[in-house]
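Chemist: have a look; sequence and predicted model below, questions after that.
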Amino acid sequence: MIVENRRKEVYSMNYLIILLLISGLFFFTGGSIGILRLPDFYTRLHPAGKLDTAGQFFTMSAIALFVLQDFSLANFLTATKIVLIVIFVYITSPTATHAIVDAGVRAGLKPWTKEGQI
Amino acid sequence: MDSVFYYSGFYLSLIMLLPLYRAIFGPTVLDRLIGVNAIGSKTTVLLILVGVIYGRVDMFVDIALAYALLNFIAVLAASRYFQKKRGLYEKKPSD
């Protein structure tokens, strides 16, 4: 009985992992299409900065849950490292985006308008 | 469960082709930088997926961490280099 309950728990955890993975891939798809199709350099930074970070959060949390399924000290350390990568990305991705915007402003790139003039 | 990770890794490497277009044909240098940054952030996830498929996540996590750090340093250094340069954007024929 206990073994059956445990197996059911593992199966529902698998559903959660697949859901997180698919939502992360959805965010990655949206970010890539946005980088490809938006008209301007400044507007292209919007999907590149936001959706990649969100996709990384969902996908990494799915993999961390998958690693934590059979619990041991080594697997716990691996999941902690994955969480640390996510925290690192959440600090560095806005910093990189801000650096690129700063380079564009100082180099004199004009923002895009609908009529092609400011 | 392994096939889920296999197909999602395959899909992720297909998705990488869209920023690769921006990285090759981007009109300005900073557009190429955005494409390279997007490819690098997807590669970090793909490395851990490859680690799950191989069954060696503990090794591939370190590689992914180093790759994320390298990506950040590369984007920061390139943007600091290009902000000193004028004429970053392409010149119009009327100029």
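Modeler: The structure has been received and is ready for your questions. Only a predicted model underlies this, so the values are computations on that prediction, with no experimental measurement involved.
Chemist: any low-confidence regions in the chain?
Modeler: Using chain A. Scanning chain A for pLDDT under 70 picks out A:1-10, A:116-118.
Chemist: actually, chain B is the one I wanted.
Modeler: For chain B, the stretches with pLDDT under 70 are B:84-95.
Chemist: which stretches in it count as helices?
Modeler: In chain B, helices defined by DSSP state H lie at B:2-15, B:17-25, B:29-54, B:57-82, listed in chain order.
Chemist: also chain A?
Modeler: In chain A, the segments counted as helices under DSSP H are A:2-37, A:41-67, A:73-107.
Chemist: dump these into a markdown table; add mean neighbour count and distance to chain B as well.
Modeler: Any C-beta I mention is one placed from the backbone N, CA and C, and that applies to glycine too. Formatted as a markdown table, the helices of chain A follow (neighbours: other CB atoms under 10 Å in any protein chain shown; distance: least, CB to the nearest CB, whole Å):
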| stretch | mean neighbour count | distance to chain B |
| --- | --- | --- |
| helix A:2-37 | 16 | 4 |
| helix A:41-67 | 22 | 4 |
| helix A:73-107 | 17 | 4 |
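Chemist: out of those helices, nearest to B:Met59?
Modeler: Each of these has some distance to B:Met59 by CB to CB; the shortest is helix A:73-107, at 9.5 Å.
Chemist: so what does that closest one touch, helix or strand wise?
Modeler: Packing partners of helix A:73-107 (3 or more CB pairs under 8 Å, 6 or more residues apart in numbering or on different chains; DSSP states H and E): helix A:41-67, helix B:29-54, helix B:57-82.
Chemist: so which of these gets nearest B:Leu18?
Modeler: Closest approach to B:Leu18 among the helices and strands packed on helix A:73-107 (CB to CB): helix B:29-54, 8.5 Å.
Chemist: which secondary structure elements does the closest one contact?
Modeler: helix A:2-37, helix A:41-67, helix A:73-107, helix B:2-15, helix B:17-25, helix B:57-82.
Chemist: hey, C-alpha coordinates of the fifth one in PDB?
Modeler: It refers to helix B:17-25. What follows is helix B:17-25, C-alpha atoms only, in PDB (Å, rounded to 0.1, in the frame of the first residue of the first chain):
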ATOM      1  CA  LEU B  17      18.100  28.800 -35.200                       C
ATOM      2  CA  LEU B  18      15.800  31.900 -34.900                       C
ATOM      3  CA  PRO B  19      18.200  34.000 -32.900                       C
ATOM      4  CA  LEU B  20      21.000  32.600 -35.100                       C
ATOM      5  CA  TYR B  21      19.400  34.400 -38.000                       C
ATOM      6  CA  ARG B  22      19.400  37.700 -36.000                       C
ATOM      7  CA  ALA B  23      23.100  37.000 -35.100                       C
ATOM      8  CA  ILE B  24      24.100  36.500 -38.700                       C
ATOM      9  CA  PHE B  25      22.000  39.100 -40.600                       C
END
